[in-house]
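Student: Fold the following and give me the result.
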Amino acid sequence: MAVVNLAPGAIMNVAVNQIRRQCHVYRTRDGYDGHGTVGWAPNGGAVQVQDIAIGQHVTFAINGQAGMIASGAPSKLQVLYDNAAAQEIAATDLRASAQILKRGGSRRAGAATSGTTRAVAQAGDSTSQQAMNTLNAQWYNAVVTGCHLEPSTFQLVQGNTPLGSTSEIFWNMLDVVPPLSINNFFNPSQGNVFSSDYGAVVMNLKDQNANKFQNDMGDYYQQWRAYLKTNPTMPQGGIIVLFNNWAQLNLPPDMAQQCYTDYQQISQGTVPAAVQMWLNAGGSTGGTKAYNATIAQLQSVLQSTRGTSFSLNTSTASSDISHTWANAEAGFLFDLFEIGGEGSYDHLSETLAESGLSINVQFQKLVTFSAGPLAKTSSDPILQNYQPWYSSPALNLAYQNNNNIVWNNTPPTWDNTFGPNGNMLRTASALVVVDGITITTMSNSSVSTQDQTTVKTAAEGGFWPFFEAEGSGGWTHNVNFDSQGIMTVDSTCPAGNPQILGVIVTPIGGLLLS
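Tutor: Model (predicted):
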């Protein structure tokens, strides 16, 4: 069984006879939950495109042809195929396929090859996955209570996510639109990015109070809009000069002068000003989209904060997450051990999770640090090097008006953006960061002598819930067993190695009011 993971927008090149018969494409929850498609294009043949919903699989008949499979879905896809002579992958085999996938990768490779994928939780009803889903829900509740966070806004970041040392890493984290889930594995290359979504919206809004301009432009109006979407370089003098330069090359002389006069009257309006800011910052093809706080500011605030400590006994703790902002939605990625790839590790995860764990946690430092899209020029020595790109009035105009007076008749539409499955329903308005971590995990049942060596080896590769390997990023995992075989894992990460615990999720309306 071969499984290839496709990130949103990614392409899989298929060689001759790589897939001799069919392939099945399964869509996971890893990413954004809106409308998606997947396409198969054989070399020299017609493109085949199918809609694909979360949890659904579709089939393409490849029959040994070369070509490409392209993702048009905002969440991760998995391409499954088998060239064995007597075997085809049927819909009823997806659970087994997901389990094979679970055995096959290392989380070190990133989201595209994550060892325990969300497909397992989607398709599987295995005891191991049920036990880990329960454990992760209990951990979420314990973190919310112990860190005095609000379940109405908090999303847990899964796995090891160091804060990093540059502002751009910090901004990338904030720029990911949180999926509808109490937890999320952060992937810097994931498809649903706030700044990209924002840019697509701003470039698809009509200039307000521009009826005369549009009438005088006639058919050339859509050509002007299309030109703006190519991300032209903004000249000295701003968008009015950009329009004049374009008009001189593309419009009849008399029309160019009249339309230039019309455009002068609207160029300071909400939409043209937002378009100018977006293009000044590089548009959709370049330029870092900065936020209005820096990593230095975050680290300074972090050092002045206090920490917290809390405990969790999974034998008695609640796993109910229906009270959270995402209701009962939970994405799942990880077992107890980072290392993965062996059935024995899964067996140990299941046994330990099911029998219960007693966990004591101490964070020496804890901060919730807010930041928003850069909307104006800053005097900060770092931020002054970045162009502001965000206009709250423009996005608010789009949000408040579901009509073709404000929106052009091309994608993205209001429904694509703010509808029930829209891609801008929420934002990450703050990071929750901890530093100086000590976690002591004790099993509630004994571990057999033959499994103790396996546990020690596995824990060195990374242990739940942060999963950083021994010696990496300052982490250590000391595993001991008492005379009864009760396991104790002391996981520590000394101060000076801050980790991102989660993000604060704000509905899009909250951002526009801030």
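
Student: what about the helices in the stretch 101-250 of the chain?
Tutor: Applying DSSP state H, counting those that start in this stretch to the stretch 101-250 of the chain gives helices spanning 118-123, 127-146, 167-174, 194-202, 211-217, 220-228, 239-250.

Student: Touching the helix or strand that the last one is followed by from outside, list them.
Tutor: Using DSSP states H and E, the helix or strand that follows helix 239-250 in sequence is helix 253-266. Residues external to helix 253-266 that are found in contact with it (Cβ atoms under 8 Å, 6 or more residues apart in numbering): 207-210, 212-213, 216-217, 220, 240, 243-244, 247-248, 251, 272. For the C-beta atoms, the positions are set from N, CA and C on the backbone; glycine is no exception.

Student: returning to that earlier point: which of the helices of the stretch 101-250 of the chain sits closest to residue 487?
Tutor: Closest of those to residue 487 is helix 127-146, at 14.9 Å (criterion: Cβ to Cβ).

Student: helices and strands around that closest one, which ones?
Tutor: With contacts taken as 3 or more Cβ pairs under 8 Å, 6 or more residues apart in numbering; DSSP states H and E, helix 127-146 sits against helix 118-123, strand 154-157, strand 308-313, helix 343-355, strand 357-370.

Student: For ChimeraX, write a command that selects the buried ones of the contacts of helix 253-266.
Tutor: Selection of buried members from those for ChimeraX, criterion 16 or more other Cβ atoms under 10 Å:
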select :207,208,210,213,216,217,220,240,243,244,247,251,272
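
Student: Closest one to residue 373 out of the contacts of helix 253-266, please.
Tutor: When the contacts of helix 253-266 are compared for distance to residue 373 (Cβ to Cβ), residue 272 wins out at 18.7 Å.

Student: Check which residues of stretch 313-321 are buried.
Tutor: Neighbour counts over stretch 313-321 (16+ other Cβ under 10 Å) mark 314, 317, 321 as buried.

Student: Next: stretch 485-498.
Tutor: Of the residues in stretch 485-498, 487, 489-491, 493, 497-498 count as buried by neighbour count, 16+ other Cβ under 10 Å.

Student: related to what we said a few turns ago, select, out of the helices and strands packed on helix 127-146, the one closest to residue 294.
Tutor: strand 357-370 (10.6 Å).

Student: Name the next helix or strand following the closest one along the chain.
Tutor: Strand 357-370 is succeeded, C-terminally, by helix 392-400 (DSSP H and E).

Student: Which neighbouring elements make contact with the very next helix or strand once past that following helix?
Tutor: Helices and strands here follow DSSP H and E; after helix 392-400, the next one along the chain is helix 414-418. Counting by 3+ Cβ pairs under 8 Å, 6+ apart, the packing neighbours recorded for helix 414-418 are helix 392-400.

Student: quick one, the helix it packs on and helix 194-202 angle?
Tutor: 70 degrees (axes from the mean of the first three to the mean of the last three Cα atoms, to 10 degrees).

Student: which strands and helices sit next to helix 392-400?
Tutor: Counting by 3+ Cβ pairs under 8 Å, 6+ apart, helix 392-400 packs on helix 194-202, helix 270-280, helix 414-418, helix 508-513.

Student: and the longest one, what does it pack onto?
Tutor: In this structure, helix 270-280 packs against helix 194-202, helix 239-250, helix 392-400, with contacts taken as 3+ Cβ pairs under 8 Å, 6+ apart.

Student: to the chain's geometric centre, what's the distance from the helix or strand following that helix?
Tutor: Proceeding N to C from helix 270-280, the next assigned helix or strand is helix 295-303, under DSSP H and E. Relative to its chain's centre, helix 295-303 lies at 24 Å (Cα atoms, centre = their mean, to the nearest Å).
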